[in-house]
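**Q** next come a sequence and a model predicted from it.
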Number of protein chains: 2
Amino acid sequence: MSQILHEFPSLTSELEQVRELILANISNSGTFIREALEDIILARGKMLRPAFLILTARTGKFPGDKIYEIAAALEMLHIATLVHDDIIDDADTRRGVATLHKRLGTRKAVLIGDFLFSRSSVLAARYTSTDNGKSLSNAVSLICESEIDQSSRCFSLDFSKRNYFRRIAGKTAALFLLAFHAGASESRMDKKQVMWARRAGYSIGMAFQIIDDILDCTGERNKLGKPAGNDIRHGIYTLPVIIAWQKSESNGELHRLLADHPYSEGTAAKILLLLDQCGALEESRKIADRYTHRALEAISRLPKGAGREQLSALARKLLFRSY
Amino acid sequence: MSQILHEFPSLTSELEQVRELILANISNSGTFIREALEDIILARGKMLRPAFLILTARTGKFPGDKIYEIAAALEMLHIATLVHDDIIDDADTRRGVATLHKRLGTRKAVLIGDFLFSRSSVLAARYTSTDNGKSLSNAVSLICESEIDQSSRCFSLDFSKRNYFRRIAGKTAALFLLAFHAGASESRMDKKQVMWARRAGYSIGMAFQIIDDILDCTGERNKLGKPAGNDIRHGIYTLPVIIAWQKSESNGELHRLLADHPYSEGTAAKILLLLDQCGALEESRKIADRYTHRALEAISRLPKGAGREQLSALARKLLFRSY
């Protein structure tokens, strides 16, 4: 997936600039923080949120260099959440590299995440409106609340689609929404266009997360260094499980399997098979597609031009992955 | 020590208002966060930073209710650092109450800290100038850097007074400085007065931390539920150790003791005794006193009036504790 942006050569130098800004922003900190983070920043290739922000800004009246500072703030915030997520999930690796908390211990990883949050806020306060700054902090609140909610519900069978959608809206869609919102408002789109941009970001984030959750069930996320069924094993029940649950209420097979945690390899494999067989994966794909189409529709309401074309192309590229 | 503010009855209702604002700010969050934090917010009595902020603001032209919102932001930030500190120190209790990460696990404590940071930023963005908002985020960066530095140097004998002062300036004085700065700038003091206010806050923070570090060596912090020599046992060498080290270079006794970690009860007791005997505690007290006097001097340069009297009284109360 890190290849996605390579097909957008016009973004390469801009994202490079964003990466430089992030490095510059941590370069005044102690050697320790710098060394710990340089790896991550240089290694981590995706930068989807900065890419969407920049493309959205290009769709309006491009505001110049400050957009790269805002992109850096957004990406630092995203990296901060990843560093803390890895502590929360007690993950060993991320994209094949040992996670910060495994390399340096939980203590330092907590602090390095905090440090990134604070640098991100400083950048946001400096380069964007107070409203956008507030939105950034509000997004962090929402991400935390959603993660806490997820963490509190581990292995709980009291789940619902509604709760799932609210959770992924907070933990994933909020930041995509913010990227589009900031891109649109900084490039002086009118109120209605900003609204469409927000809707595009939100829908992309929702589709992106649902697809990610499906890939976890099919083992496609394997490529990213996680085994199939990782979420299920941790008691995190995502859309396919919830849909299958609703279908299987009659036969009770899934009920029996889910109740039997911690899951053996055999049980996990059976659950995954069941999700496919009962059509829950297929239904989940349809829901993701609906969000994707909503996103493309919203993008089509933005000002016409090369920026919009690219925005639409990136969204398609990201969301029409094979899954 | 939580008694200190009881002697300032005029502050009671204002601090109550700050507490209410904090509760209101977390009340929209999920039940889980609210319940986890309510205890802490209701239990934790000190609120020193809000108290100093409010008194400083009273010394100038009191800006009205928004000062309570800023005080809430400052206190939420402080609580966030405590929640994360407890994870970092793996502390069991704080003020006799089980720490959040012991009650709820590290994962949730990380997220709850993040959540508080973000709520604090939102409040700051809403109620204070962009500059003060940036200062708040910058203070978080500084706190993190100082804590990481401290954490990196555990048990390292390569210490210096200079490094110690820089570290406590970051981890403690920065937030006191900010309380005074915000109080002064929001109450429209002139540039010079704001500078004196900052100096007062900085010096109070420095004295406060040095005293705390001395109390850790004398066992006075015992009352707060920590055993004497807690820092030393964790390999955190504070001012008394650094001063004793410089004195003992000739005899080498301290060198031998410090090299022998993890410390047995006997070794820890010997180190503590040595700090007293060689006069290092006494010298540390003198240095704390110097900061205290600098703080009182700076406060005396602020606009005359009841506010200033109270500010000075609170500083004395806090810094002339028996130690």
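**A** It's in. Residues are numbered from 1 along each chain as shown, chains lettered A, B, ... in the order given.

**Q** what does the stretch 1-150 of chain A have sitting close to chain B?
**A** By C-beta under 8 Å from any C-beta of the partner chain, the residues of the stretch 1-150 of chain A that approach chain B are A:29-30, A:32-33, A:84, A:87-88, A:106-108, A:110-115, A:117-119, A:121-122, A:125-126, A:130, A:133-134, A:136-138, A:140-141, A:143-145, A:147-149. Quick note: C-beta positions are derived from backbone N, CA and C, even for glycine.

**Q** of the residues you listed, just the buried ones, PyMOL syntax please.
**A** The PyMOL selection below is limited to those of the residues of the stretch 1-150 of chain A next to chain B classed as buried (16 or more other C-beta atoms under 10 Å in any protein chain shown):
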select buried, chain A and resi 29+30+32+33+84+87+88+106+107+108+110+111+112+113+114+115+117+118+119+121+122+125+126+133+134+136+137+138+140+141+143+144+145+147+148+149
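
**Q** what lies in contact with the helix or strand of chain A at the bottom of the mean pLDDT ranking?
**A** Counting by mean pLDDT, DSSP states H and E, the weakest-scoring helix or strand in chain A turns out to be strand A:93-94, with a mean of 74. Applying C-beta atoms under 8 Å, 6 or more residues apart in numbering or on different chains, the contact partners of strand A:93-94 are A:82, A:86, A:99, A:102, A:225.

**Q** so how far is that strand off the chain centroid?
**A** On the basis of C-alpha atoms, centre = their mean, to the nearest Å, strand A:93-94 is displaced by 16 Å from the centre of the chain it belongs to.

**Q** paired strands for it, with orientation please.
**A** strand A:97-98 (antiparallel) (DSSP bridges).

**Q** which positions within the helix or strand following the strand it pairs with qualify as buried?
**A** Downstream of strand A:97-98, the next assigned helix or strand under DSSP states H and E is helix A:100-104. Neighbour counts using 16+ other C-beta under 10 Å place A:100-102, A:104 of helix A:100-104 among the buried residues.

**Q** which residues touch helix A:100-104?
**A** A:36, A:40, A:83, A:86-87, A:90-93, A:108-110, A:112.

**Q** and the residues of the stretch 1-150 of chain A next to chain B, which of them are in helices?
**A** If you go by DSSP state H, the residues of the stretch 1-150 of chain A next to chain B have A:32-33, A:84, A:87-88, A:106-108, A:110-115, A:117-119, A:121-122, A:125-126, A:130, A:133-134, A:136-138, A:140-141, A:143-145, A:147-149 in helices.

**Q** report pLDDT for the closest residue to residue A:38 other than its chain neighbours.
**A** In space, and not counting its chain neighbours, residue A:38 is closest to residue A:23: 6.9 Å by C-beta to C-beta, 6 or more residues apart in numbering or on different chains. The model reports residue A:23 with a pLDDT of 90.

**Q** quick one: residue A:23 from residue A:111, how far?
**A** 19 Å (C-beta to C-beta, to the nearest Å).

**Q** now the buried residues of helix A:100-104 in JSON lines, with pLDDT and distance to residue A:291?
**A** Output for the buried residues of helix A:100-104, formatted as JSON lines (pLDDT from 0 to 100; distance: C-beta to C-beta, whole Å):
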{"residue": "A:100", "pLDDT": "83", "distance to residue A:291": "31"}
{"residue": "A:101", "pLDDT": "83", "distance to residue A:291": "32"}
{"residue": "A:102", "pLDDT": "84", "distance to residue A:291": "34"}
{"residue": "A:104", "pLDDT": "83", "distance to residue A:291": "37"}
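
**Q** need these in CSV (columns: distance to residue A:194).
**A** Below are the buried residues of helix A:100-104 laid out as CSV (distance: C-beta to C-beta, whole Å):
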residue, distance to residue A:194
A:100, 36
A:101, 38
A:102, 41
A:104, 40
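
**Q** nearest to residue A:296, of the residues you listed?
**A** residue A:100 (36.1 Å; C-beta to C-beta).

**Q** so which residues make contact with the strand or helix carrying residue A:52?
**A** Residue A:52 belongs to helix A:48-59 when assigned by DSSP H and E. With contacts defined as C-beta under 8 Å, 6+ apart, helix A:48-59 is touched by A:4-5, A:8, A:11, A:14-15, A:18, A:63, A:67-68, A:70-72, A:74-75, A:78, A:175-176, A:179-180, A:182-184, A:186-187, A:189, A:197, A:200-201, A:204, A:302-303, A:305-308, A:310-311, A:314, A:318.

**Q** burial count for the closest residue to chain B within the stretch 201-323 of chain A?
**A** Closest approach of the stretch 201-323 of chain A to chain B (C-beta to the nearest C-beta) occurs at residue A:234, with a separation of 11.1 Å. Residues lying near residue A:234 (other C-beta atoms under 10 Å in any protein chain shown) number 17.
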